Structures are given as C-alpha cells and as structure tokens.
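Below are the sequence and a predicted model; questions follow.
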Amino acid sequence: MTIVLTPYWSNGVQKLRMAPQPPPKPAHGLTPPALDGSIHALRCLAQLRSKDKNIEKYIYLTQLKDADPDIFYKLCLENMAEFTPLIYTPTVGDACIQFSQNYRRPEGLFISYKDKGKIGSVLKNWPRINEARISVVTDGSRILGLGDLGVNGMPISIGKLSLYIAGAGIRPSSTVPICLDLGTNNEKFLEDPLYLGLRQKRVSEAEMTEFMDEFMHEMSVLFPKLLIQFEDFATEKAFLYLERFREKYPLFNDDIQGTGAVVLSGFLNAAKLSSAASGLLMTAHRILFFGAGSAGVGVAMQLMSFFTLQGLSVQEARERIWFVDSQGMVYTARGRLAEHKKYFARNDYNGEPMTDLLDILDYVKPTALLGLSTISGAFSTEVLQTMAALNPRPIVFPLSNPVRLSECSFEDAVVNTQGKVLFASGSPFPEIDFDGKMLYPGQGNNMYIFPGLGMGAILSRASSVTDSMVEASSLGLANSLTPEEHAMGLLYPQVERIREISVAIATSVIRAAQKAGVDRSPDLRSMSDADLATFVASKMWQPQV
Ligand SMILES: NC(=O)C1=CN([C@@H]2O[C@H](COP(=O)(O)OP(=O)(O)OC[C@H]3O[C@@H](n4cnc5c(N)ncnc54)[C@H](OP(=O)(O)O)[C@@H]3O)[C@@H](O)[C@H]2O)C=CC1
Ligand SMILES: CC(=O)C(=O)O
Ligand SMILES: [Mg+2]
C-alpha cells in the first residue's frame, strides 16, 4: 500500500504535506488583523474547554496540532495534567476504537502485509526521511487493555510521539508514527464497512516474522539514525521481536521495558515508605502480580533489580515475586505454561490450582499487589481490605489501561485502606480529600520514562538499548522527586515537570550508554554531569509562539 498524501491547497497551487509539518503562514490579508499568537493560544484553550466529550476534545486537539503545532505544544506543556488524559490514556483508547469512524487525514505510515517484498519502497514515501530520529511502531494486536484493534491502533503511535515532543522536546519533524497491518482477529472490525485495514485474519507467526525481518532491515537502511519503540504488540510477539532485534538495532519495547522502568521507580519510592511504616527490611517485600502478560512479566524482570540493588542474589530476588494469570496462581506443577511465565513460576507450591485472589493473598501475604490484567474491579473491597489488614501501608498499583479497565479506583483504594494505601495507576485518577488530608494518586505509566529514555538514546546515538540504560532511566526518575513532592507523599514527580525529569532521565541514560560502550557520540563522554544535563536541555525543541 502506498501512503496517500493529503492534497493541500495554498494560493491555488496543490502541495502535498503530512502532519506534523505545519502549513505555511498565510499571506498578509488572509488572516484577521488582530490575530496574535499568544492570544490565539488562549482562544484555542477556551475552544477546547467548551467541548463536553473527551473524544471531541481529542479530535479538536488533533486538528490544532495539525494546523498549528507550536500552539498545540505550548498549551500542552502549560497544561500537562489536563492534556495528557486527552491526547493519551484514557482518551486515546476511544480514539483507537473509533479510528475508522473518525479518520480525517493521514498522520503516520501504514505498512501492510500486502507490501511484503517492497517495504523499502513504501518507507521511501515518508516525506521527512533525513530528519527521522524516533519511530513508535505498533501492529495493533493489543492496544492498551482493549485487545486486537488492527490498524485502528495508529493513534497509540501518534499519542506516544506527541508525548516525546511535549515531554522531551523531540523535534516534531523527526517523529514517525507507524502502524503495521498484518490483519486483525477482531470480527467486529472485519465486518465493519468503515474499517480501514486489511480485511483478513492475522497472518501466522512465521509469516509475520518474515515480514518483520524485512521491515526492520529496510528501516535501518532508510533511517540509519532512527530509534524504534515497539508498542502494544500482543504478549508473545512483544517478547519474540524484542529478543530477535534488540542486539541488532537500536530499539526497545515500551510495554516490557518502559513499564518495567516506571514501576520500578514508583516501587522504590513506595517500598521506602512502606518499610518505614512496618519496620520490614526492603529485601523482605513480597510482590504479587495480578496479570502475567508482557507488562506484568516486564515489570517483574525490572523489579528483580530492586532486590538485587538491595543486595539479594538473583535467585533470592526471584523468590520475592508471585504471579496470577487467568488460571490462578502460576506455579510449575500446574502444567504447561507459556514460555514467558516459566521463569517466575513458583516451585514451592504443588497443591491444587489456587484461583481465588483472596485465597492467594492469604497464602502469599504480599506487601505489594500490582495489577496488569485488564480486569476492571479485580481489586475488590475485600481484596483491598485484606491488603490493609496485612500491611500498615499496603502498596497497590492497579496499572491496567485505559481507566475503565483499572483493577480499582483511587477512591476505592483509599477508602478501603483508611487512607494508608501507597497507590499508582496506569491511567490518571483525581486526587482525594480524605479526613481533611489531600491524598494524591501516582500515575505509574511508561509516559514518564520513554521520552527521556528515547532522548538519551538518540543524543548518545546508541547502537542498541541495553538493560543498564533502561535501569538508569528508572533510577533517574525515582531520584527526581523534589523535597516538596516527597512531603506530599508522591511516588512520582508532578507531570508538569516532565521536561526537567526527561533531562535527568536522558542524562542518566547517556551515561549508561557510555558505560556499556554502545554510544556513538564521543564528544559527550568528556562532559561533566552538569554540562551534559545543560546539553540535553539545549537540544529540546521549544514551541515558538
Ligand atoms: N501502566 C502502564 O504504563 C502500562 C500498562 N499496561 C496495561 O497492562 C495491561 C496488560 O497488558 P499486557 O501484559 O500486554 O496484556 P496481556 O493480555 O498479555 O496480559 C494480561 C494478563 O492478565 C491475565 N488475566 C486475564 N484475565 C485474568 C483474570 N480474570 N484473572 C487473573 N489474570 C487475568 C492474563 O492471563 P493469561 O496469561 O492466562 O491469559 C494475562 O496474563 C493492559 O491493560 C495494558 O494497558 C501495559 C503497559 C504499560
Ligand atoms: C501505557 C501503555 O503502554 C499501555 O497501556 O499499553
Ligand atoms: Mg503500551
């Protein structure tokens, strides 16, 4: 499939352009005399706020970003807490579901299975080849917790890249949103006349792997300076293609590694508060994962480093972790297990399958309960009360997205633990006044990590993204809380400080890349940490309004 470039009419001449390249400024006389950039930004904000439905706000913001990226990103940076739920989770989930209904104009690159054998020629249609530095690539097979959405997954690539631009100052023109169309198993979409993707079931794993080999090779030829973020591939494929390509190309999987890093960071801060209240050693935490997919296992792999940083051996660290999947507690004697579950399967339980979460809580007695299951409400009143009975300050992270699939709400977690909960969720919840005290939910979302991790990898020109770079991003985030944020009991910094945080993360990531010897920007090696941070900040794109 060749991408279709939108006809753009200007001064009677047909030009071709694709977002995010801004339209040329209209000639004198073609705009009202008093149109002033900063006043217009206020006008746009008022127009946005006049809309009732979040999906309408999303559509409005998509058009604003297209028409005037400077105003869009200025407003975004000034109103991060208001904008992120609109351009990202939860609203981006609805934008994906409705993509084929609401589609207006191209914004990104679609590569379909029909392009196999000539993927390079499709990539060449991208209008800003030389500028490309970062691509978010999805195959739409597991969008948030919404399942297989086929090409309707494109808004997730677009949304993540908007956060790269807002959060880390990546130049808009250097971003490449990509959706691979390998079919869909979503029957509703296959029957929908408006569906914009291939009308066929997903291709086999062998066929997809051949396609992916060609795609990755052609990407590396055409975009030699590109970092790739794999996003929302269904679990088996997420692990398969991360392992297959990570040594060969600069890439990371956001759901496995980005989520692992963001949760490790919040967990580090939560565990300190929890241990301070209980007197429990940091090494004595017991973590129960509800959900054993790419995100759950990715987080567990990263949390291993929490324990090993505290001095435990790898084997001891692994023993601090339990998993629950749709069949109950995951243990080796249960029978055949998917490959990605085997490492964390318990070897110290041989009894009957344990399927009730309350029974599992009673057996494991966790200090922390992490939800990555897509099961809305799974952390029931009884589950939360049990966590509170087991721990003076229970750690409860319902991390599934979008917000309607969260395992519990912040309010339920607060009320059922008498305000003791240490909480982070995947999508945002409002703060709560509990007994006269303001309590703030953390947002344990990889959006804190990938902008800074990506910026660090791009500036160091890393030839691959190592585990040490991912860990550095996590520690950079954990250490970025201000004393005021600690005093407020926050587990993550306020999102309004995202650029400052991204500087800290990118700086740590560059240092880790240098240590691992994968950096290709030797000039950065001799800089002091302070100079390196200044350099990173100086490279951030700023909206000009
Ligand atoms: N906060 C963040 O930054 C991020 C959040 N996420 C969210 O995490 C969620 C999971 O993503 P991902 O791991 O890729 O998805 P998967 O679908 O691969 O994993 C879901 C897991 O939940 C398990 N599960 C399903 N139903 C139940 C049930 N009734 N009881 C117990 N476990 C159950 C599944 O079990 P089984 O294996 O048996 O099928 C599976 O292990 C999504 O909502 C996603 O949006 C993802 C990335 C980042
Ligand atoms: C946040 C994210 O990456 C997800 O829910 O898949
Ligand atoms: Mg994701």
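Right, received. Where do you want to start? For clarity, every value in this text was computed on a predicted model and none was experimentally measured. Ligands and ions are numbered 1, 2, ... in the order given.

How is this protein partitioned into domains?
20-25+34-249, 257-446, 449-484+495-538 (automatic domain parsing).

So is the first one next to ligand 1?
Spelled out, that is domain 20-25+34-249. Yes: residues of domain 20-25+34-249 are located near ligand 1 by Cβ under 6 Å from any ligand atom, namely 142, 144, 145, 235. The C-beta positions use only the backbone N, C-alpha and C, and glycine is treated the same way.

out of these, which are inside helices?
Judged by DSSP state H, helices contain the following of these: residue 235.

Tell me which two in the residues of domain 20-25+34-249 next to ligand 1 are the farthest apart.
144 and 235 (13.5 Å; Cβ to Cβ).

if we can go back for a sec, distance to ligand 3 for the domains of the chain - can I get that in TSV?
Output for the domains of the chain, formatted as TSV (distance: least, Cβ to the ion, whole Å):
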stretch	distance to ligand 3
domain 20-25+34-249	4
domain 257-446	7
domain 449-484+495-538	10
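
Mean neighbour count for the ones you listed - can I get that in CSV?
Output for these, formatted as CSV (neighbours: other Cβ atoms under 10 Å):
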stretch, mean neighbour count
domain 20-25+34-249, 19
domain 257-446, 20
domain 449-484+495-538, 21
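
Dump these to CSV, plus mean pLDDT.
Shown next, in CSV, are the domains of the chain (pLDDT from 0 to 100):
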stretch, mean pLDDT
domain 20-25+34-249, 96
domain 257-446, 97
domain 449-484+495-538, 97
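
Let me have these in CSV, extended by distance to residue 545.
As requested, the domains of the chain are exported to CSV (distance: least, Cβ to Cβ, whole Å):
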stretch, distance to residue 545
domain 20-25+34-249, 5
domain 257-446, 26
domain 449-484+495-538, 16
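
how about a markdown table for those, with distance to ligand 2 added?
Below are the domains of the chain laid out as a markdown table (distance: least, Cβ to the nearest ligand atom, whole Å):
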| stretch | distance to ligand 2 |
| --- | --- |
| domain 20-25+34-249 | 4 |
| domain 257-446 | 4 |
| domain 449-484+495-538 | 9 |
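
and of these, who's closest to residue 544?
Between the domains of the chain, domain 20-25+34-249 lies closest to residue 544; by Cβ to Cβ that is 5.2 Å.

May I have the phi/psi pair for residue 346?
phi -80, psi 140 (degrees, to the nearest 10).

mind listing what it touches?
322, 329, 330, 331, 332 (Cβ atoms under 8 Å, 6 or more residues apart in numbering).

State the pair within those residues that is farthest apart.
322 and 332 (12.7 Å).

ranges for the strands of the stretch 351-500 of the chain?
368-371, 395-398, 422-425, 432-434, 437-439, 442-443 (DSSP state E, counting those that start in this stretch).

Just the residues contacting the strand ranked longest in the chain, thanks.
Taking DSSP state E as the criterion, the chain has its longest strand at strand 175-181. Strand 175-181 is contacted from outside by 1, 20, 107-113, 126, 132-140, 150-151, 153-154, 157-158, 161, 164-165, 197-198, 211, 215, 223, 226, using Cβ under 8 Å, 6+ apart.

Mind doing that once more with 6 Å?
Identification of contacts with strand 175-181 by Cβ atoms under 6 Å, 6 or more residues apart in numbering yields 108-112, 132, 134-139, 151, 153-154, 157-158, 161, 197-198.

Which neighbours in the sheet does that strand have, and how are they oriented?
The strands beside strand 175-181 in its sheet (DSSP bridges) come out as strand 109-112 (parallel), strand 134-138 (parallel).

Return the residues in contact with the residue in the stretch 351-500 of the chain positioned nearest to ligand 1.
Closest approach between the stretch 351-500 of the chain and ligand 1, counting by Cβ to the nearest ligand atom: residue 426, at 3.0 Å. Contact analysis of residue 426 by Cβ under 6 Å, 6+ apart lists 399, 400, 401, 445.

got the contact list for the third one?
In this case it means residue 401. Applying Cβ under 6 Å, 6+ apart, the residues near residue 401 are 89, 144, 145, 426, 427.

and if we set it to 7 Å?
89, 90, 93, 144, 145, 426, 427 (Cβ atoms under 7 Å, 6 or more residues apart in numbering).

which ones are touching the second one?
Going back to what we said before, that points to residue 90. 401, 402, 403, 427.

at 8 Å instead, please
Residue 90 touches 54, 401, 402, 403, 404, 427, 428, counting by Cβ under 8 Å, 6+ apart.

Could you measure from it over to residue 401?
7 Å (Cβ to Cβ, to the nearest Å).

ditto for residue 53
In terms of Cβ to Cβ, residue 53 sits 19 Å off from residue 401.

rewinding a little: going by distance to residue 309, which of the contacts of residue 346 wins?
Taking these together and measuring to residue 309 by Cβ to Cβ, the closest member is residue 322, at 20.3 Å.

Find the centremost residue of the chain, please.
Closest residue to the average C-alpha location of the chain: residue 446 at 3.9 Å, with Cα atoms, centre = their mean.

now that one: how far from residue 44?
The value you get for residue 446 to residue 44, if Cβ to Cβ is used, is 28 Å.

Look through the protein and state the residue closest to ligand 1.
residue 293 (2.1 Å).

hang on, that residue packs against residue 399?
No: here residue 293 does not reach residue 399: they are 11.2 Å apart, not a contact under Cβ atoms under 8 Å.

joint contacts of these two?
residue 372.

picking that back up, switch the strands paired with strand 175-181 over to a markdown table; also include distance to residue 363.
Formatted as a markdown table, these follow (distance: least, Cβ to Cβ, whole Å):
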| stretch | distance to residue 363 |
| --- | --- |
| strand 109-112 | 47 |
| strand 134-138 | 37 |
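
For residue 518, which of those strands is the nearest?
Per Cβ to Cβ, nearest to residue 518 of the strands paired with strand 175-181: strand 134-138, 16.8 Å.

pull the CA atoms of that closest one into PDB?
The C-alpha coordinates for strand 134-138 follow below in PDB (Å, rounded to 0.1, in the frame of the first residue of the first chain):
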ATOM      1  CA  ILE A 134      12.300   8.200  16.600                       C
ATOM      2  CA  SER A 135       9.500   5.900  15.500                       C
ATOM      3  CA  VAL A 136       6.800   4.200  17.500                       C
ATOM      4  CA  VAL A 137       5.700   1.000  15.800                       C
ATOM      5  CA  THR A 138       2.600  -0.900  16.700                       C
END
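
Tell me the first helix or strand C-terminal of that strand.
Next along the chain after strand 134-138, taking DSSP states H and E as the criterion, comes helix 154-168.

Distance from that next one to the middle of the chain?
9 Å (Cα atoms, centre = their mean, to the nearest Å).

who does that helix touch, helix- and strand-wise?
helix 69-78, helix 80-87, helix 91-97, strand 134-138, strand 175-181, strand 227-231, helix 450-459, helix 498-516 (3 or more Cβ pairs under 8 Å, 6 or more residues apart in numbering; DSSP states H and E).

and after the third one, which helix or strand comes next?
Meaning helix 91-97. helix 99-102.

secondary structure element for the nearest residue to residue 478 once chain neighbours are set aside?
In this structure, residue 478 finds its nearest non-sequential neighbour in residue 265, 4.1 Å apart by Cβ to Cβ, 6 or more residues apart in numbering. If you go by DSSP H and E, residue 265 is part of helix 259-278.

now that helix against helix 498-516, angle please.
Here the directions of helix 259-278 and helix 498-516 differ by 100 degrees (axes from the mean of the first three to the mean of the last three Cα atoms, to 10 degrees).

So which elements touch whichever helix or strand comes after helix 259-278?
Of the helices and strands lying after helix 259-278 in sequence (DSSP H and E), the nearest is strand 287-290. Packing contacts for strand 287-290, counted by 3+ Cβ pairs under 8 Å, 6+ apart, involve helix 294-309, strand 321-325, helix 357-364, strand 368-371.

same thing but 6 Å
Packing partners of strand 287-290 (3 or more Cβ pairs under 6 Å, 6 or more residues apart in numbering; DSSP states H and E): strand 321-325, strand 368-371.

Surely residue 392 touches residue 276?
No: if you go by Cβ atoms under 6 Å, residue 392 and residue 276 don't touch, sitting 9.5 Å apart.

What distance do you get for the closest residue to the residue of the chain closest to ligand 1 other than its chain neighbours to residue 324?
Distance criterion Cβ to Cβ, 6+ apart; nearest residue to residue 293, sequence neighbours excluded, is residue 235 at 4.4 Å. Between residue 235 and residue 324 the computed distance is 15 Å (Cβ to Cβ).
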